[in-house]
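J.: Got a sequence here, can you model it:
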Amino acid sequence: MTGETTHIGSFAAEHLSPAYPARAPWGTADNLRAWQTEALDAYFTHEPKDFLAAATPGAGKTTFALRLATELLRRRVIDRITVVTPTEHLKTQWADAAHKVGIRLDPHFTNAHKRHGKQFHGVAVTYAQIAMKPHVHKDLTESARTLVILDEVHHGGDALSWGDGIREAFSRAERRLSLTGTPFRSDTAPIPFVSYLPNRDGVLVSQTDYDYGYGRALQDGVVRPVMFMVYAGSMRWRTRAGDEMEARLGQDNTKDVTSQAWRAALDPGGDWIPQVLTAANSRLSEVRHSIPDAAGLVIATDQDDARAYARILHTITGELPTVVLSDEVGGSQKIEEFSSSNNRWMVAVRMVSEGVDVPRLAVGVYATSASTPLYFAQAVGRFVRARRRGETASVFLPNVPSLLALAQELELQRDHALERRSSVAESDYPEMSDFEHSQREEQASSQIDEEFNEFAILGSDANFDMVMFQGEEFGGYAEPGSPEEHDFIGIPGLLEPEQIADLLRFRQRRQAQRGSGRSRDVAENRSIPLHRSLKEQRALLNSLVALWSKQTNTPHGIIHTELRQTCGGPPVAQATVAQLQARIDLMRRRISSPVK
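T.: Prediction:
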């Protein structure tokens, strides 16, 4: 054994043994969560060479891994630790967490160093760093009994060089602990050190040694429940050919029209983004009544949008938000400063991703065109870490079918399957790895950007559409700043999930009743300009149709067609106030009666 190895072993024996007695019950001795205790029991029952633990974001994977590492050091099973992370920022985050339990990791280790200092137990490196010079890490691993912790191990199936790199570097490691908090996807690239077995259909599926999903974590109070605040709206633009286009988010549009309308909504020059950011800021203010340091995060598509969104937030709040850009020097420091401050908002592109820990984030705005299951899960994972019971996360989404499908599947766990397959939430390139698909999506995004730059945005506006919570939909159409919108974005920040669901149902009923009263006022008030009366009536009718659609699972278009057949008159856009009022009255009677 080398002198370096002897030093690490003696350090572990001297400093780790008192804190971690040989046979202390995990939970009693260390105040661990129940799942962490179970996972440790599962590991030490057999002490396998490879162990894969899947736990939802915010559940405490780092704490579990470091507790396991300290015990292996104390038992002298290992002498060195290597932590592999997806990003540079996470190297420092792991080193800081390890320091709190007496483990010293060097996050500044480079391939040129070849050996770390004797004062360290090991190193924290990135997958990209391993891929560049795997032989350096192979030599380091084989020079002492090494525990390798592969954080977010699905990245091992990303680029071919990444998988090959960690396989070469760590094949002869003493122990390997693989962690993931993100749903695996289907592709043809096996993840190194992950076991696969055939399912009933003969498809090879990844095998986890311990699972702790979002559903159970929610029951345990380890993570927050998520309310998805869904916003629709009308988008208008002119194409390269000079054609003027108009579409609403949330309607049955073609894929291309949906994509263009989504891009129009995210354009900072329109009204959709300012209106949604205003609503999100109001939601944050409500949450801060009970959680004073609660913060919000806007996830942008690119750096230009991020800066523009920050300027809009500055106008709304009077406070400069923190802006974190993916290639900006000092981005990690900005995240750390924001995490420990009391500032309201942060705007980021790609720096705030999986594993980045800002526990006070409670409100999010998904203002990006990224739509892969991996990216969506990473983004929502930034808001679910619970600090006390009753906290709720609120994520504002555009009404885009692919995003709503992902929101509905939040509690589903997906193993890694080595076969091409399709699903509602899968990408258009299911045979690709996450890394390859991310590259393809970025290229497609850039191409759309180039084409979209030739378009002229004529205008956009937002409206509250619904709240998605625990698989149910609540509420309907509401204008920005209206009492109906505030009914839903004004939900208290500290409530139990059952209380949230009950309150959402109550406010949905109140929205319908309030809309009925307003419809009579609009119809009878001749002092209101005709165009304003029509706008109010159309908005109210759309709201009632949305509520009835949710009660009966009937598409909006079919309901509108039936209303025209029953009440007479042209489509909504050409109908008079009286014709609209007749349809509103009919819908009000239906909603007030039980569904047969």
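J.: Okay, and residue 551 sits in which element?
T.: Under the assignment given by DSSP states H and E, the secondary-structure element containing residue 551 is helix 530-552.
J.: how about that helix: buried residues?
T.: 533-534, 536-550 (16 or more other Cβ atoms under 10 Å). C-beta coordinates here come from the backbone N, C-alpha and C atoms, glycine included.
J.: Correct me if wrong: residue 554 contacts residue 547.
T.: No - at 11.3 Å, residue 554 and residue 547 do not qualify as touching, with contact defined as Cβ atoms under 8 Å.
J.: what number of residues lie near residue 394?
T.: If you count neighbours by other Cβ atoms under 10 Å, residue 394 ends up with 27.
J.: Numbering from 732 from now on, please.
T.: All set: I'll call the first residue 732, so the last point we hit is now residue 1125.
J.: wait, doesn't it sit right on residue 1096?
T.: No - in this structure, residue 1125 sits apart from residue 1096 without contact. The criterion is Cβ under 8 Å, and the distance is 9.6 Å.
J.: Need the residues touching each of the two.
T.: Taking Cβ atoms under 8 Å, 6 or more residues apart in numbering as the criterion, residue 1125 and residue 1096 both touch residue 1011.
J.: Spatially, what comes nearest to residue 989 if we skip its sequence neighbours?
T.: The shortest distance from residue 989 to any residue that is not its chain neighbour, by Cβ to Cβ, 6 or more residues apart in numbering, is 6.4 Å, and that residue is residue 1131.
J.: Kindly apply the preceding question to residue 979 instead.
T.: In space, not counting the residues next to it along the chain, residue 979 is nearest to residue 965; the distance is 5.2 Å by Cβ to Cβ, 6+ apart.
J.: Check residue 832 too.
T.: Nearest one to residue 832, counting by Cβ to Cβ, 6+ apart, is residue 797 at 5.2 Å.
J.: What's the local residue count around residue 789?
T.: As a burial measure, the neighbour count of residue 789 was computed by other Cβ under 10 Å and equals 22.
J.: now do residue 1060
T.: If you count neighbours by other Cβ under 10 Å, residue 1060 ends up with 7.
J.: what helix or strand does the residue nearest to residue 1005 when sequence neighbours are not counted sit in?
T.: For residue 1005, the nearest residue in space outside its immediate sequence neighbours is residue 1043; the separation is 5.3 Å by Cβ to Cβ, 6+ apart. Element membership for residue 1043, per DSSP H and E: helix 1034-1048.
J.: quick one: contacts of that helix?
T.: Applying Cβ under 8 Å, 6+ apart, the set of residues contacting helix 1034-1048 from outside is 997, 999, 1004-1005, 1008-1009, 1012, 1029, 1031, 1050-1052, 1054, 1056-1057, 1075-1076, 1078-1080, 1098.
J.: ok so, going back, so who does the residue nearest to residue 989 touch?
T.: Contacts here follow Cβ under 8 Å, 6+ apart; on that basis residue 1131 touches 980, 989, 993, 1102.
J.: Spatially central residue (nearest the centroid) of the chain, please.
T.: Within the chain, one residue has its C-alpha closest to the average C-alpha position: by Cα atoms, centre = their mean, that is residue 1111, at 1.7 Å.
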